[in-house]
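*Asks:* Whatever this is, show me its structure:
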Amino acid sequence: MEQIRPLSKTIYDKAKSLGVETISLQFTGGSDEGALHVDVDPYDSSYDFEKEIENWAWHVYKYNGGGDGNDYGDDITYDLKDGTATSSNWYTSRCDGDSGTIKLELEDDAPNE
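*Replies:* Down below sits the predicted model:
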């Protein structure tokens, strides 16, 4: 992800009025499409605020999630209490572990009956 985008003032104002202290965007990708999980803390289930944030984030970040099949992601946290925004990214990779070699053995084919 290229950079942290400014938070929408509308979302900020609603979050503050609901007592939200952090908004986390967790983008994931790696195959044909991206996904987004939104987390607000503390969460108030009486208001569908996460969906509003999700719609804003897809529009602003335009995350596509394309890749070679290995999982990766970008996490962005807006800390409304401290007035900061942080980002981090992660990825998975193949790591070969222990291996071994034995002499090739052949088993006799079962007799045809």
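
*Asks:* Now do the strands for this protein: every range, in order, please.
*Replies:* Taking DSSP state E, the strands of the chain run over residues 22-29, 35-41, 72-79, 84-91.

*Asks:* Who are the packing partners of the last one?
*Replies:* When you say that, I think you mean strand 84-91. In terms of contacts (3 or more CB pairs under 8 Å, 6 or more residues apart in numbering; DSSP states H and E), strand 84-91 is packed against strand 72-79. (Glycine included, C-beta is placed from N, CA and C.)

*Asks:* The shortest one too?
*Replies:* Here strand 35-41 touches strand 22-29, helix 49-61, going by 3+ CB pairs under 8 Å, 6+ apart.

*Asks:* So which bits of the last one are buried?
*Replies:* Within helix 49-61, the residues that qualify as buried by neighbour count (16 or more other CB atoms under 10 Å) are F49, E52, I53, W56, A57, Y61.

*Asks:* which residues does the first one contact?
*Replies:* What that stands for is F49. Shown in contact with F49 (CB atoms under 8 Å, 6 or more residues apart in numbering): K14, A15, L18, V20, V40.

*Asks:* How about the fifth one?
*Replies:* A57 is in contact with L25, L36, V38, Y63, counting by CB under 8 Å, 6+ apart.

*Asks:* least trustworthy position among the residues you listed, going by pLDDT?
*Replies:* Lowest pLDDT within the contacts of A57 is found at Y63 (85).

*Asks:* Quick one: residues contacting D68.
*Replies:* By CB under 8 Å, 6+ apart, the residues touching D68 are G30.
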